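Visitor: any chance you can model this:
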Amino acid sequence: MTIKYVQEDFPVDLYVLLDLSYSMKDDKDKLSTLGGAIAEEMRNITKDFRLGFGSFVDKTVLPFARPVLSQMDIDKGITVLTYGFKHHLTLTDDAVAFEEKVKATSVSTNIDSPEGGLEALVQAIVCNEIGWRKESRKLIILCTDADYHAAGDGKLGGIIIPNDGKCHLSKIPGTEEYNYDWVNKHDYPSVGQLAYIASKNRANIIFAATREKVDVYKRLAAEINGASSAQLTDDSSNIVEVVKKEYQKMSGTIILQDEDTPSHISLKYFVKCGQESDFKERRGCDNVKKGEELEFRVQIALTKCLSGDTRDVFKISPVGLQEEVSIEVISMCECPCASYPEINSPTCLGRGNLSCGICECAPLYSGNTCECDIADISDKGDECKQEGDQIECGGRGECKCGKCDCKSRYSGNYCECDNESCTRRNDELCSGEDHGQCECGTCKCKPGWSGEACECSTATDKCIRAGATDICSNSGDCFCNKCSCKITDEGRYTGEFCETCPTCNDQECEKYRISVHCTAFGESPFIGGNCDQVDNVTVAWINSTDDTYLNEDERICRFQDDNGCTYRFIYLTTDVVKTFKMIMFGEEKKDCPKPADIAAIAGGVTALTLLIGLGLILLWRILTYIHDKREYARFEDQRLKEQWARDDNPIYKDPETTFKNPAYGKG
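Guide: Numbers count the residues shown, from 1 in each chain. Prediction:
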């Protein structure tokens, strides 16, 4: 069986599922400012995009969470008790509403490190309250910095009923939000259960975890079709790049999966990826471009023969997409159809008999429906092979009746031309149909456009200086209605219209340099020079801030005298008797470098030296104070720890001895 799939631009519903335990506070704050950036980046990839938001913490019984907030929680500013999952914002195209909703949420707390992310994922996938569209690509990004609880962990809190994988959300009174009420009634879901629910509902999951936990979620993603993992920065500031990168990778990967396949049916998948010429046994391809067509061949086989006519129905679909093919298989261990062929069947164009669904063509015809006249096909059978090619139609089409029937994106006698491999601009081939069309890998531009991707206008109005007629002053080329100036042996031309050449050796400029300077300033431009033998010329002063005032026949000269001062003048190339225009620099006739302020430099160096010295003294004093304080604290600590006790010397003898007279007081 053959299945053809064409990569298209599907609508995208992105649901952000955020861990709102206290350790994720900075991540929540950062995310509240990035909703617009996420939406803008995704709309550059797909035109139809919506954004939603939910959060999770954990179950609300011991040993997962405290029934009331502790004093430590209150001191941290936590005001919300632990909850399992809350749906805050239904999928919408309003990025501002997303940012406001994230900003309005508050972090909570729990006791143990793992969180209830898997349980929240199940609710986000199966609940209609999220706002999933039937035809969209469901994309959920789970952001966390902790491990996850799985099936069996709930027994620690006395929760033994397995998770049923159904929706249990109820609306929070007075709001548009929903709460997961059965958080303490059902155990956490297992990884296998989550994988089944994600596959059944065609959901794509991105596990975005911090550096310490990304390996945990990488292993989890490997167990779920259509899931991937990525590393978050400590404050989740890279979430925009994570969403963009993972979506592009996910959307470019097309993998087929089958559902409800009976045990007595065996399936094998074969596909050609990219420019491959042969089918290989695998379920899909990576890096599939928009508009590219994939051809899958599915081999269906019975592992055992069933009694009677047995009908089985199963589905084949791309992972993470809502499209599917429903296949009905009728098990017939004995087939009597060959005994009852349809003579000259219309299915075979009247050129053969239809037997068991296959055309048996008359001797002069061939093809699946006997559409080919053998007389038109050579004996060599190489009409569909280009010289030096061993594969018919280059593997990009089928040979029918001696001619190549190319796939949608290919053309040519041998399907040698790829009509979707041209350069793109703004994600459109040849800058869009208004600019050009892609033919055999090259953009054929429409009138008025040029360039590799037909991105450049052929107009030249912005390459001609006001009052002139020459394009780019005859010193450059007009490309994309912008001058690209030439580099010649004389020098490099510059300016918006390539009208100036600062490095060119203009002989006229050199010729009149001294005469103009002597006439304008009354002195030679060279130290020690004189103006006695210099011809007088006519000089007029003008004031301008740039060089765009030049007329077509005017040239500008720039020089620097021996004092380092710059001066400029203009001459007219067609003027026999030269008239020169001196250009002023604002109020000054020359642009001279300002002398250095020695006093200011000396003062600055002195002040900086004093500041550095004072800073070093202050640093020494602070370090000395800290050291003395530590030593004193150590002394006090040792003094308090010492125990002084009084003891008797074992060899000590009292110098006094007392004797008692037994007869004392009896007489």
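
Visitor: now do the contacts for the residue nearest to residue 478 when sequence neighbours are not counted.
Guide: Nearest residue to residue 478 in three dimensions, chain neighbours excluded: residue 463, at 3.7 Å (Cβ to Cβ, 6 or more residues apart in numbering). Quick note: C-beta positions are derived from backbone N, CA and C, even for glycine. Contact analysis of residue 463 by Cβ atoms under 8 Å, 6 or more residues apart in numbering lists 471-472, 476, 478, 481-483, 497.

Visitor: distance-wise, check residue 463 relative to residue 483.
Guide: Per Cβ to Cβ, to the nearest Å, residue 463 is found 5 Å from residue 483.

Visitor: surely residue 138 and residue 203 touch.
Guide: Yes - assessed by Cβ atoms under 8 Å, residue 138 is found in contact with residue 203 at 4.4 Å.

Visitor: hey, what's in contact with both of those two?
Guide: 125, 320.

Visitor: tell me the pLDDT at residue 423?
Guide: Residue 423 carries a pLDDT score of 84 in this model.

Visitor: please apply the same query to the one 3 residues further on.
Guide: Note on residue 426: pLDDT of 79.

Visitor: not counting sequence-adjacent ones, nearest residue to it?
Guide: Excluding the flanking residues, the one nearest residue 426 by Cβ to Cβ, 6+ apart is residue 432, at 7.5 Å.

Visitor: assumed that neighbour was part of a helix.
Guide: No - read with DSSP: H, G, I helix; E, B strand; the rest coil, residue 432 is coil and lies in no helix.

Visitor: neighbours of it, how many?
Guide: By other Cβ atoms under 10 Å, the residues close to residue 432 number 17.

Visitor: quick one: secondary structure of residue 18?
Guide: The local conformation at residue 18, judged by three-state DSSP, is strand.

Visitor: same check, this time on residue 606
Guide: In three-state terms, and counting by three-state DSSP, residue 606 is helix.

Visitor: how close does it get to residue 219?
Guide: To residue 219, residue 606 is 65 Å away according to Cβ to Cβ.

Visitor: please apply the same query to residue 571.
Guide: Distance of residue 571 to residue 219, computed by Cβ to Cβ: 79 Å.

Visitor: higher neighbour count, the two?
Guide: Each of residue 571 and residue 219 has its neighbours counted (other Cβ under 10 Å); residue 571 has more, 21 against 11.

Visitor: give me the pLDDT value at that one.
Guide: Confidence at residue 571, expressed as pLDDT, is 76.

Visitor: pull out the buried residues from stretch 18-32.
Guide: In terms of neighbour count (16 or more other Cβ atoms under 10 Å), stretch 18-32 has its buried residues at 18-21, 23-25, 27-28, 30-32.

Visitor: C-alpha coordinates for it, CSV please?
Guide: The C-alpha trace of stretch 18-32 is given here as CSV (Å, rounded to 0.1, in the frame of the first residue of the first chain):
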residue,chain,number,x,y,z
LEU,A,18,4.9,25.9,34.1
ASP,A,19,6.2,24.5,37.4
LEU,A,20,5.2,27.1,40.0
SER,A,21,6.9,25.7,43.0
TYR,A,22,9.0,28.4,44.8
SER,A,23,12.3,27.6,43.1
MET,A,24,10.7,28.6,39.7
LYS,A,25,9.9,32.2,40.8
ASP,A,26,12.5,33.9,38.7
ASP,A,27,11.5,31.7,35.7
LYS,A,28,7.8,32.8,36.1
ASP,A,29,8.9,36.5,36.2
LYS,A,30,11.0,36.1,33.1
LEU,A,31,8.2,34.2,31.2
SER,A,32,5.8,37.0,31.9
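
Visitor: what residues does it touch?
Guide: Residues outside stretch 18-32 that contact it (Cβ under 8 Å, 6+ apart) are 16, 53-58, 73, 76, 78, 99-100, 102-103, 105-110, 115, 117, 142-146, 232, 234-237, 239.

Visitor: show me those that map onto strands.
Guide: 16, 53-56, 142-144, 232 (DSSP state E).

Visitor: just the buried subset of the contacts of residue 463, please.
Guide: 471-472, 476, 478, 483, 497.

Visitor: same question for stretch 3-20, mean pLDDT?
Guide: 85.

Visitor: can you give me the end-to-end span of that stretch?
Guide: This stretch, stretch 3-20, spans 44 Å end to end (Cα to Cα, to the nearest Å).

Visitor: show me where pLDDT drops low in the stretch 201-350 of the chain?
Guide: 307-309, 332-336 (pLDDT under 70).

Visitor: need the strands for it, in chain order.
Guide: 203-210, 227-232, 254-259, 265-271, 280-281, 284-285, 293-302, 310-318, 325-331 (DSSP state E, counting those that start in this stretch).

Visitor: which intervals of the protein have sub-threshold pLDDT?
Guide: If you take pLDDT under 70 as the line, the chain has these spans: 307-309, 332-336, 378-381, 502-508, 544-553, 573-579, 585-587, 641-648, 665-667.

Visitor: if I look at the residue nearest the centre of it, how far off is residue 232?
Guide: Within the chain, the residue whose C-alpha comes closest to the C-alpha centroid is residue 244; the distance, by Cα atoms, centre = their mean, is 3.1 Å. Separation of residue 244 from residue 232 (Cβ to Cβ) stands at 14 Å.

Visitor: same deal with residue 390?
Guide: 50 Å.

Visitor: again with residue 568
Guide: For residue 568 relative to residue 232 (Cβ to Cβ), the value is 58 Å.

Visitor: still on that earlier bit, common neighbours of residue 463 and residue 483, please.
Guide: In contact with both residue 463 and residue 483: 472, 476, 497, using Cβ under 8 Å, 6+ apart.

Visitor: show me the contacts for the second one.
Guide: Meaning residue 476. 463, 483-486, 493, 497-498.

Visitor: how about residue 38?
Guide: 14, 51, 95, 239-240, 243.

Visitor: filter these down to the buried ones and hand me the PyMOL line.
Guide: Selection of buried members from the contacts of residue 38 for PyMOL, criterion 16+ other Cβ under 10 Å:
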select buried, resi 14+51+95+239+240+243
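
Visitor: how about the nearest residue to residue 37, chain neighbours excluded?
Guide: residue 240 (4.8 Å).

Visitor: how about residue 198?
Guide: Once flanking residues are discounted, residue 198 sits nearest to residue 224: 5.5 Å by Cβ to Cβ, 6+ apart.

Visitor: gap between that neighbour and residue 466?
Guide: Here the criterion is Cβ to Cβ. By it, residue 224 lies 65 Å from residue 466.

Visitor: those two: who's more crowded?
Guide: Remark: of residue 224 and residue 466, residue 224 carries more neighbours, 22 against 8, as counted by other Cβ under 10 Å.

Visitor: phi first, then psi, for that one.
Guide: phi -120, psi 120 (degrees, to the nearest 10).
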